[in-house]
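Q: I need the structure of the sequence given here:
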Amino acid sequence: MSDPKDNKGKAPEAPKAEDAPGNKLSTKAVEALLESNAALKNELAGMDKDKAAEALRKMDIAELLTGLAVGGKNQKDMASYKFWQTQPVPRFDEAANDAGGPIKIIDPEKVSKTPDALIEGFEWATLDLTNDDELQELWDLLTYHYVEDDNAMFRFRYSKSFLHWALMSPGWKKEWHVGVRASKSKKLVASICGVPTEVRVRDQKIKVTEINFLCIHKKLRSKRLTPVLIKEITRRCYLSGIYQAVYTAGVVLPTPVSSCRYYHRPLDWLKLYEIGFSHLPRGSTKARQITRNHLPSTTSTPGLRVMEAKDVDAVQDLLERYSKRFALNQAFTREEVEHWLLHKEEAGKEQVVWSYVVEDAETRKITDFVSFYNLESTVIQHPKHDNVRAAYLYYYGTETAFTQDQKALKERLLMLMNDALVLAKKAKFDVFNALTLHDNPLFLEQLKFGAGDGQLHYYLYNYRTAPVPGGVNDKNLPDEKKMGGVGIVMLLVVVAVFRNGAIISHHNDKDGSSEKSNPVSDKTLEELSYVLAERFATKCFTPLELTHLKDNFFSRAIDQGGLKYWNEKTLSDFLGIPDSSESHCPLDAGPVIFRMVSYLGAFPFQNTLAPSVLTFEAMVKVVVLLTERYGKVLRRARRDRIRLLFGSLADVGRKSVEQHTNGDEVSEDADAPAPNSHVPGFAIDEPANDDYEDEEDDDLALAALESLDAIEVFKHDSRMDRAVYEARISADTLRRLLMLLIVISPLKPLEPVKIYTSDLTEERMKAVRSEADNVMAAFNREPSGGISYKEFARIVTSSFPYLFDPLTPLFEHLLFSRNLNLSQKRNRADSTASEPVEEEAPEDDLPSPPTITLPGSFESVILNPSVISHLSFFLPSSSESLNFLRGNVRLHPVFSTVAHGSSLTSFSHHVLTWSSGTLLVLEGTDPTGEMLTIGAYLPQPWKSPNSTQSSSKFSNSVLPCLFQLSPKHLLLQGNPSSTIQQQSNIPAAYFSTSSGISIGCQIPPSSRSNQKPPTPHGAGSLTIDVSLETAQFHVSPVVRNGVFLPPLPGSTPDTTVKTTIEIYNLEVWGLVPDPTTTSAEGGKSAVELQQAKWDFEAREAERRRSVNLKTGGSAAEESARWLLETAGLIGDGAGRRAGGSV
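A: A predicted model of the protein is given here:
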């Protein structure tokens, strides 16, 4: 822009050579230049500081400035030192302070009312963009003569909708759309445009012009029209009373107020590679690059939706408050928010901007928003692709920014921006671009944005202020400490920096490489990951299993450019998992399972390479990990997948730190920062400074890397994992997974999954949701939402040791192919050749789901399939290694108050005669009316005092437990202390005709004069009165001297809690071990033994009918009483035989 001063507002003539300032930079100017251009400073970092400064001082200023304008059209005009000497802009060696203000006070009366004359043959024009013909002329000029890379491979392609959007914002002025026409042909040959806006510079609001679309016909670029166009737009703005402007450039001009760096994120890497936009790193493959840049198929932010007209006020309020956090920001009116951010469907117009808001489900308030806009480029003379679609990150905001918690802000933005990438991918964009402005340094590298080598410099015309940070440090890397400066997004740049086939803010290094590598190269990580997959395939599967796995995979794989992989639908269809793509989908578990396997497929570098594309190698690792077959390769690995599974589910919040200063060394300090390039959505590790042992949590990955002789690689990846990320699992994600696990928990290997998923009626789903909510209630959530790793590991380890067991038979389906009929010989050269996939049996022909309950004297009113699944998450079978479903335990109906009445005599008759373990469950209400379900798992049989001890098929190592199923899961594990188990006065369960049923209580010494009831003892107990109508449930958070251990801290109040329950139903189920095991061992079953006891009791009852206590004198009476006492039918006078115990 020019500064009209005299008679006709023309700029003063250039000073004479002898009067002009020196053409050599002063020391102060050199320092200012380097501070404003981090890229140049980084280039000179290897030189001695004094020598570098001396070299710069000796350079001609015009040469220096022009040299920095790499590849930009009109660069010599823009970087002309003489031109900028005439403009009211700060000099390089000029000191500035925060107060700032206008450099030159403009007198409107001295501004020329007419433009300067153009060279002969050309004339000024004002463009009317409401006229379709003139809009077409501007479109033609920009399309064929605007920004283009030096190799003539790409050229910006502006849609007419984009031009309307960019140049006709609220308050736009027709006279600011300046053109130059050829006098004879009237052809439009040059343009420069401006739009009015308001910006805040350190809280000082000023009206400015935003300059864009400076374009000159290729054949006229030697005419030096750039300064003339700038002078004319300046004059017109002055006439409108606007004396300042904001603009950007890829060259260093006098003097930037800030400098930001370009970053890009490939969305369709294969296309970008094919058009020459992205390169293939040496030693890598196309498949690996596609894997590296893979994104989830679904978003993670609850409440995320498209912005609507009703959201404008809320977004404007949030945007204004969010923007004021930055020293240089744009002030938005309601009308401007509506124009810039709200897409309105109009016939014949392309969509330009995509905006999304996050609406809180409870308050209905807008808590976040994010937007990006579309700017395509033409791919010049390419045989396959004619354009590349680029999404540019625009404005965004979040209420989390006002919590003053940068960690929480980072977590929120990682999730929000990851979703923006997913949405852009769904909208068919090929690349996503962003700068280091706003709060972008918090997420750029974590979301795998690649760094460009170009800068975008921000300038204020006729306004002086101290520089503001641009989000990069001295090494030109994103730096969280350098945020808070730039909060304004310019749609375009006056002079862009493009070279080596790198357009759309993507700048390649001279060797064609643009992506900064970590100390451990991607090549190394990917190759090691591939080697591990090969070892898994050969050592963890039999040859037959591997053949089936290959057939299943390749017969269904999608082929893209030679890359064979599975997508979410393929995986869901094969496993039989209900997916959201189905019309009726009560279980929307497909996206969750796909997320998990995409993470696990990157093992052991899931923190760097996840999410992975589901190639065959990735699927091999997934199957090995989820079926726990890794022992043959990872011999030192503990069978503990909790951390790995948490990482595969974590989708809320991430934590990162700055990059390590020395990439070749790995610090032993746990808090040391480390390099990172982690994909969103998959952030796993315990928070920094918690109390989990690294050697425990990293066991699987460590064993994997040891097997590959790559411990140093492990140190790098695990250090990044531990120090950089802190993630949480969203409640929605965990609930969807739990509902699937509840439905398929009885699944056996090779059993069709649709047996359990094909008939999900509303009544069934209600029960499934109820149990999922009961399980979810056991997990304490973070104040900001989600479940932390510590909480997840704590609850799963202690309360749900078998929670993920259903995944084993589910993924073992991959090891059996319906295509292979091994009873027939096949002539085929390749076992992986695709065969027609047989259709599964129609749902009508599917067998009914097997039931765990055996037929008997009653059917349960408490246990349903969902409750049984819940029980299988924590109850063992006859061995601790298997849950009671996988261990093939069956439940035999023993006693029910519904079927047998509320009588202790009946209870004794049915329960004390059962010679195996039992499961006691009751349901009722507490004093508030809330329904509760309480139970006890007693693996050893009940015993009566007058009988010999019965033997159980259950191992003594299987301990009893006391639990609550609803409304909140609570588990009190059995005490493994041998001292406690040997104390006869604190049995696991005790039965007495005088006091009722006592579980986990202390039995007082017997006394003829005073019979005391059993008392609660230790951490937990359950007592049931003699009428079987009322129960007392005691839970203590600290006592450890009883049958049961205390619940986890935080699961219950800090004081002992006593809950009175009015019993509605009480049931006792006998535990019948796996019949295949018991038949092999021989002997009678518990059912047969119970029947034998009942037959004996019947015979004894028949004998007792003939007993007459009054016949034969006192001796006969005593003899008869002794007989009845021995039979346990009456108590002795001393109270020594009052019932039975276990």
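Q: most residues in a single helix of this protein, which one?
A: Ranked by residue count, the top helix of the chain under DSSP state H comes out as helix 406-426.
Q: which parts of that helix are buried?
A: 407-425 (16 or more other CB atoms under 10 Å). In short, each C-beta sits where N, CA and C put it, glycine included.
Q: Kindly report the same for stretch 987-1001.
A: Neighbour counts over stretch 987-1001 (16+ other CB under 10 Å) mark 987-993, 995-1001 as buried.
Q: Next: stretch 1039-1050.
A: For stretch 1039-1050, the buried set under the neighbour-count rule, 16+ other CB under 10 Å, comprises 1039, 1042-1048.
Q: Which members of the residues you listed define the maximum pairwise distance?
A: Val1043 and Leu1048 (17.6 Å; CB to CB).
Q: would you list every one of the strands in the stretch 551-700 of the chain?
A: 558-560, 563-565 (DSSP state E, counting those that start in this stretch).
Q: Export those as JSON lines, with columns for mean pLDDT and mean neighbour count.
A: Converted to JSON lines, the strands of the stretch 551-700 of the chain look like this (pLDDT from 0 to 100; neighbours: other CB atoms under 10 Å):
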{"stretch": "strand 558-560", "mean pLDDT": "85", "mean neighbour count": "12"}
{"stretch": "strand 563-565", "mean pLDDT": "87", "mean neighbour count": "19"}
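Q: Looking at those strands, which is nearest to Pro543?
A: That would be strand 563-565 among the strands of the stretch 551-700 of the chain, by CB to CB, at 21.2 Å.
Q: Give the residue spans of the stretch 651-800 of the chain that score low on pLDDT.
A: For the stretch 651-800 of the chain, the stretches flagged by pLDDT under 70 are 652-726.
Q: end-to-end on stretch 178-193?
A: 6 Å (CA to CA, to the nearest Å).
Q: got it, and stretch 965-982?
A: This stretch, stretch 965-982, spans 29 Å end to end (CA to CA).
Q: May I see the buried residues of it?
A: In stretch 965-982, counting by 16+ other CB under 10 Å, buried: 965-966, 969-975, 980-981.
Q: Which two of these have the greatest separation?
A: Once CB to CB is applied, the buried residues of stretch 965-982 give Ser966 and Gln981 as the farthest pair, at 29.6 Å.
Q: now the helices for the stretch 551-700 of the chain?
A: Listed in chain order, the helices of the stretch 551-700 of the chain (DSSP state H, counting those that start in this stretch) span 568-575, 590-600, 606-609, 616-626, 642-649, 694-697, 699-707.
Q: export those to a markdown table and tack on distance to Asp317 and mean neighbour count?
A: Listed next are these as a markdown table, based on distance: least, CB to CB, whole Å; neighbours: other CB atoms under 10 Å:
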| stretch | distance to Asp317 | mean neighbour count |
| --- | --- | --- |
| helix 568-575 | 37 | 19 |
| helix 590-600 | 33 | 25 |
| helix 606-609 | 38 | 26 |
| helix 616-626 | 45 | 24 |
| helix 642-649 | 34 | 24 |
| helix 694-697 | 43 | 14 |
| helix 699-707 | 46 | 21 |
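Q: helices or strands next to the longest helix of the chain in the packing?
A: For helix 406-426, the elements it packs on are strand 353-359, strand 366-379, strand 387-398, strand 431-435, judged by 3 or more CB pairs under 8 Å, 6 or more residues apart in numbering; DSSP states H and E.
Q: tilt between it and strand 387-398?
A: In terms of direction (axes from the mean of the first three to the mean of the last three CA atoms, to 10 degrees), helix 406-426 departs from strand 387-398 by 150 degrees.
Q: Mind checking what secondary structure Gln1090 has?
A: Following DSSP: H, G, I helix; E, B strand; the rest coil, the label given to Gln1090 is helix.
Q: surely it meets Leu912?
A: No: Gln1090 lies out of contact with Leu912 (CB atoms under 8 Å); the separation is 9.8 Å.
Q: Identify the residues contacting the residue lying closest to Asn864 once chain neighbours are set aside.
A: Computed as CB to CB, 6 or more residues apart in numbering, the closest residue to Asn864 that is not its neighbour in sequence is Ala767, at 5.5 Å. By CB atoms under 8 Å, 6 or more residues apart in numbering, Ala767 lies in contact with 864-867.
Q: in a strand, that's where Ala767 is, yeah?
A: No: if the criterion is three-state DSSP, then Ala767 is helix and not within a strand.
Q: circling back: in helices, which of the contacts of Ala767 appear?
A: Taking DSSP H, the ones among the contacts of Ala767 that sit in helices are 865-867.
Q: returning to that earlier point: for Leu1022, which of the helices of the stretch 551-700 of the chain is the nearest?
A: Among the helices of the stretch 551-700 of the chain, the nearest to Leu1022 by CB to CB is helix 642-649 (29.7 Å).
Q: list the helices and strands the closest one packs on?
A: In terms of contacts (3+ CB pairs under 8 Å, 6+ apart), helix 642-649 is packed against helix 590-600, helix 606-609, helix 699-707, helix 731-744, helix 789-799.
Q: Mind listing residues that contact the first one?
A: Put plainly, it is helix 590-600. Identification of contacts with helix 590-600 by CB under 8 Å, 6+ apart yields 294, 296-298, 568-569, 571-572, 575, 577-581, 606, 610-614, 618-619, 621-622, 625-626, 644-645, 647-649, 651, 681-682, 684, 733, 736-737, 740.
Q: Centre of the chain to it, how far?
A: The chain centroid and the centroid of helix 590-600 are separated by 11 Å under CA atoms, centre = their mean, to the nearest Å.
Q: hang on, the earlier thing: for the helices and strands packed on helix 642-649, give me CSV that also has distance to Asn374.
A: Formatted as CSV, the helices and strands packed on helix 642-649 follow (distance: least, CB to CB, whole Å):
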stretch, distance to Asn374
helix 590-600, 26
helix 606-609, 30
helix 699-707, 40
helix 731-744, 30
helix 789-799, 38
